[in-house]
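Q: prediction below, plus the sequence it came from.
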Amino acid sequence: MSITRRTAARSVRILGVATASAALSIALAGNALACNINEFSAEAKCDGDKGVITVTDVDPTGVPATVTVYLENNGADVKKIGEQEVKGSREGVTITFEENWKPDAEYRVHVKAGNQVDEDIKPNLTTPSTACKKEEEKPPAPSDTPTPTPSDSASTPAEDTDTPTPTPSETNATAPADSAPSPAAGESNLAETGASSKTGVIAGIAVALVAIGGGAVFYGMRRRGASNDR
């Protein structure tokens with residue numbers, strides 16, 4: 001039986017459709033197995049009193065991916081928190097970044113996996129409104145004025161603040177003046193030599209006695225001379 005031209009054309013068309021279907025199936029299968037950003041998720045948690053950020057990779061193909069976490073502020077990177085490599089699995093592989101995050105803080109998580117993924121996890125990660133560790137209430141500050149104890153009050157007399165402290169000018173003004181008269185020049189010299197103030201009187205009496213004695217002797221000698229002349 002000879003194959004007609006019509007039958008050959010029909011066979012070619014059927015083969016082309018089958019080939020295209022196989023190619024599409026392979027492409028779809030390849031896309032299904034490729035690493036995707038949707039296979040990554042981030043979360044802010046508490047590890048005791050400290051905060052952590054975890055990133056989970058559920059890529060079944062296990063394509064190695066590099067995960068980088070940044071602290072954000074007004075849409076800009078403030079600080080790089082850290083960078084780690086993860087190789088996902090169907091069950092999921094989780095990596096942890098130690099970060100003592102603040103409440104309502106924003107973080108950008110970037111994923112780079114070969115030529116398949118190079119983008120951020122959307123939306124950015126926002127931390128919970130409650131911190132992991134509650135701040136302890138600080139006790140009131142002690143007063144600067146110490147409270148005296150009974151023993152201190154009994155042993156330390158209170159200072160009399162009502163008594164004014166004399167100033168140097170007041171001290172000089174209220175000091176008693178020396179009312180004693182200044183000694184004369186002669187008395188000062190006598191005092192320096194040890195003589196008393198009666199030395200002049202005694203000297204005068206002595207001179208008078210010497211004069212009287214001399215007069216008495218002279219008078220006696222004259223009477224004796226007169227008697228001899230007779």
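A: Looks like it came in fine. Given the structure is predicted, the values throughout are model-derived calculations rather than measurements. Residues are numbered from 1 along each chain as shown.

Q: where exactly do the helices run in this structure?
A: Assigned by DSSP state H, the chain shows helices spanning 5-33, 150-155, 168-174, 185-193, 199-229.

Q: what does stretch 42-50 rub up against?
A: 51-56, 69, 96, 98, 100-101, 107, 109, 121, 125-128, 132-133 (Cβ atoms under 8 Å, 6 or more residues apart in numbering). (Each C-beta comes from the backbone N, C-alpha and C, glycine too.)

Q: now, of those, which are buried?
A: Taking 16 or more other Cβ atoms under 10 Å as the criterion, what is buried in the contacts of stretch 42-50 is 51-53, 55-56, 69, 101, 107, 109, 121, 125, 127, 132.

Q: adding pLDDT and distance to G82, write these out as CSV.
A: Below are the buried ones among the contacts of stretch 42-50 laid out as CSV (pLDDT from 0 to 100; distance: Cβ to Cβ, whole Å):
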residue, pLDDT, distance to G82
G51, 96, 13
V52, 97, 11
I53, 97, 9
V55, 97, 10
T56, 97, 16
V69, 98, 6
W101, 96, 13
Y107, 98, 11
V109, 98, 11
I121, 96, 15
L125, 97, 14
T127, 97, 16
C132, 93, 18
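
Q: G88: which of those residues is nearest?
A: Of all the buried ones among the contacts of stretch 42-50, G88 sits closest to T56, with 8.2 Å by Cβ to Cβ.

Q: and the closest residue to that closest one other than its chain neighbours, how close does it get to T68?
A: Sequence neighbours aside, T94 is the residue nearest to T56 in space, at 4.5 Å (criterion: Cβ to Cβ, 6 or more residues apart in numbering). Taking Cβ to Cβ, to the nearest Å as the measure, T94 falls 16 Å from T68.

Q: the two: who's more crowded?
A: Under the criterion of other Cβ atoms under 10 Å, the comparison of T94 against T68 puts T68 first, with 18 against 13.

Q: beta-bridge partners for that one, please?
A: E83, H110 (DSSP bridges).

Q: and V52, by the same measure?
A: When assigned by DSSP bridges, V52 has beta-bridge partners K45, E98.

Q: surely it meets T94?
A: No. Here V52 does not reach T94: they are 10.5 Å apart, not a contact under Cβ atoms under 8 Å.

Q: Q84 - how many residues pack around it?
A: Neighbours around Q84, by other Cβ under 10 Å: 13.

Q: pull the contacting residues for the residue nearest to E72 when sequence neighbours are not counted.
A: Distances taken as Cβ to Cβ, 6+ apart place E106 nearest to E72, at 4.3 Å, with adjacent residues excluded. Shown in contact with E106 (Cβ under 8 Å, 6+ apart): L71, E72, N73, N124, L125, T126, T127.

Q: same thing but 7 Å
A: Residues counted as contacts of E106 (Cβ atoms under 7 Å, 6 or more residues apart in numbering) are E72, N124, T126.

Q: what about the second one, how many residues nearby?
A: The criterion is other Cβ under 10 Å. On that basis, N124 has 14 neighbouring residues.

Q: much appreciated, bye for now.
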